[in-house]
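Enquirer: Kindly generate the corresponding structure for this input.
(2 chains)
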Amino acid sequence: MSNIKKAFENGKAFIAFITCGDPDLETTAKSVRAAVAGGADLIELGIPFSDPTAEGPVIQGANIRALSGGVTTDKIFDLVRELRSDVTIPLVFMTYANVVYSYGADSFISMCRDIGIDGLILPDVPYEEKDEFLPICRKYGVDLVSLIAPTSEGRIAMIAKEAEGFLYIVSSLGVTGVRGEITTDLGSIVSVVRENADIPCAIGFGISTPEQAKKMSGYADGVIVGSAIIKILEKYGREAPPHVGEYVRSMKDAIR
Amino acid sequence: MTNERGRFGVHGGQYIPETLMNAVIELEAAYDHYKNDPDFNRELETLFNEYAGRPSRLYYAEKMTRDLGGAKIYLKREDLNHTGAHKINNVLGQALLAKKMGKTRLIAETGAGQHGVATATAAALFGMECVVFMGEEDTKRQALNVYRMKLLGSDVVPVNTGTATLKDAVSEAMREWTSRISDTHYCLGSVMGPHPFPTIVRDFQSVISREARAQILEKEGRLPDAVLACVGGGSNAIGSFYHFINDPSVRLIGCEAAGRGIDTFETAATISTGRLGIFHGMKSYFCQDKYGQIAPVYSISAGLDYPGVGPEHAHLHDIGRAEYVPVTDDEAVDAFEYLARTEGIIPAIESAHAVAHAMKIAPAMGKDQIVIITISGRGDKDCAAIARYRGEDINE
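Expert: Okay, the predicted model is just below:
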């Protein structure tokens, strides 16, 4: 069991997603610290990928901006090393299978342990393929976070029983992005998880307002917000960090 | 690996979002059922023969043979199929399967537009809704095919992310599928993507080599010495190879698009320049940088302009059963013009890559040897682009 459980010890968890290197790594570092100050309990650091097939236009845009700015996996490792001088909340990487595979899964995941990354979220690695990375994650004590989707009927128990860190409950069909309304029966999904495993559940995809966060946190142990934060970075660029901090505070306050 | 399903050696697998897992499981179960269902197979065969115009001809290219002065050259004429390419074989199979599964809507990606046109055609025939995703760059290169799809009643969505070509069209179709699964079948156009697609598409395309094998035995009383086909994702190539895989005397040669050359960045020759990776649902070879970012590949041919290759080809390469060779834009354009002049057949620029390689190897082969080249599609769609390549601006 990693550090991740600490994120769920302070009431409902607020999990912030930030794409590393959008618009540059200095802004990422400032935004992470602003989110921590604003009350974020865990931060998902996105390592950009050229072709992020699970992302909507907002996060796709962040990936493109970051990669055109010259960010690389190695530079992101340096960023995390620097962040760990004062940031103590759990940090996880969110990226795509090829970024880890191409680096060499063993080198990548051992580096995660060395620099203080607690978990790994790979949206294109479902239960059936997790053995590609899971034994290595276990070897280095990095949690491989599993996802459950609105279409996971019949698979929830299987996934929950072997889940590590926390369970990422995908709120809606489709890709990441802000949504006006979330209609999935999340209560039922979480209750199947509860019957099968003792693991925190966090709901992501489509959450942007304090009202949505409050509602979603009623079903689970935490909420994950990505696109809404990326929109702030897109709008304010290098001036974004204080706005990110303020936004995170409003969201955390709503779910306290 | 705990799960060996859908693996070709180390390649293949199901690297997709959890949201799609039940959809591919449902698809696999339906396919496993219907592939052995006599009614399904009869219905498909009727569509192949009566609608698509199969079997396609195996044509002896006598003038080309004489001109090259070596091996006897046969052309497997997939260009004569309805809609003008091999793509219809797979699409009729998948559309029929989707209909049996109760799906009412097809989505597809397309590069050159041939798969999009075939999908739009099947959707019209079966009364299904159809949306085709196509790189914006390709909608310009293949404007005629965009019009054809619209004429057939499909929506065409230009994709302007990334390089705005085939890979981006695949990504966008996958995104669309995650947002609407219950009534929608993703009619993937090549032997790629997550299991079971590489197997399903290969099975439907294997009609090419099933026919070619019987046809060459009838005409020549023996197997060919080599079978050549172009490879992007690799559907016409796997279809052309499949029933010859267990005949070790038959060389299987896949011709990749080298673009401006495999020593440049403007290439799409995956096996020559790529390395092992995980993308678009599969483990296979991909053109990528040292950090695993997928490379912006290039080829004159929109249909071969893809940074990966199907997992079964990657495996055939690993075990040495098939050879994969790069063919440049220049060589393909020369072959496009050569086949037009020599045999009166205008091949798709994709297929011209295979013709180009045959022109290299046939002269050194014996007159008693036999080469089959799959002409995967017809070249009408490419005429304006080739004219531009030669410095002539014509209106389509």
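
Enquirer: Sheet partners, orientation included, of the strand or helix carrying residue B:325?
Expert: Using DSSP states H and E, residue B:325 falls within strand B:322-328. Paired neighbours of strand B:322-328 in the sheet (DSSP bridges): strand B:251-259 (parallel).

Enquirer: Show me how far the partner strand is from its chain's centre.
Expert: 12 Å (Cα atoms, centre = their mean, to the nearest Å).

Enquirer: got it, and stretch A:134-149?
Expert: That offset, for stretch A:134-149, works out to 14 Å (Cα atoms, centre = their mean).

Enquirer: how about the helices in the stretch 101-250 of chain A?
Expert: A:105-115, A:134-140, A:156-161, A:186-196, A:210-217, A:227-236, A:241-255 (DSSP state H, counting those that start in this stretch).

Enquirer: Which of those sits closest to chain B?
Expert: Of all the helices of the stretch 101-250 of chain A, it is helix A:156-161 that lies closest to chain B, at 7.6 Å by Cβ to the nearest Cβ. All C-beta spots, glycine's among them, are computed from the backbone N, C-alpha and C.

Enquirer: contact partners of the closest one?
Expert: Contacts with helix A:156-161, where a contact means Cβ atoms under 8 Å, 6 or more residues apart in numbering or on different chains, come from A:127, A:146-148, A:152, A:167, A:189, A:192-193, A:195-197, A:199, B:18.

Enquirer: May I ask which helix or strand of chain B has the lowest mean pLDDT?
Expert: Every helix and strand of chain B was ranked by mean pLDDT, DSSP states H and E. The lowest is helix B:136-141, at a mean of 87.

Enquirer: about what we covered before: output the helices of the stretch 101-250 of chain A as TSV; include the columns mean neighbour count.
Expert: Shown next, in TSV, are the helices of the stretch 101-250 of chain A (neighbours: other Cβ atoms under 10 Å in any protein chain shown):
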stretch	mean neighbour count
helix A:105-115	18
helix A:134-140	17
helix A:156-161	18
helix A:186-196	16
helix A:210-217	19
helix A:227-236	21
helix A:241-255	20
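
Enquirer: Adding distance to residue B:140 and mean pLDDT as columns, could you present those in JSON lines?
Expert: JSON lines is the format used below for these (distance: least, Cβ to Cβ, whole Å; pLDDT from 0 to 100):
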{"stretch": "helix A:105-115", "distance to residue B:140": "39", "mean pLDDT": "98"}
{"stretch": "helix A:134-140", "distance to residue B:140": "44", "mean pLDDT": "98"}
{"stretch": "helix A:156-161", "distance to residue B:140": "43", "mean pLDDT": "97"}
{"stretch": "helix A:186-196", "distance to residue B:140": "43", "mean pLDDT": "96"}
{"stretch": "helix A:210-217", "distance to residue B:140": "41", "mean pLDDT": "96"}
{"stretch": "helix A:227-236", "distance to residue B:140": "28", "mean pLDDT": "97"}
{"stretch": "helix A:241-255", "distance to residue B:140": "39", "mean pLDDT": "98"}
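
Enquirer: Report the contact partners of residue 240.
Expert: If you meant another chain, say so; for now it's chain A. A:27, A:31, A:232, A:233.

Enquirer: you looked at the wrong chain, it should be chain B
Expert: By Cβ under 8 Å, 6+ apart, the residues touching residue B:240 are B:76, B:208, B:209, B:212, B:227, B:228, B:229, B:372, B:374.

Enquirer: burial of the second one, as a residue count?
Expert: Residue B:208 is surrounded by 31 other residues when neighbours are defined as other Cβ atoms under 10 Å in any protein chain shown.

Enquirer: Right, I'll leave it there.
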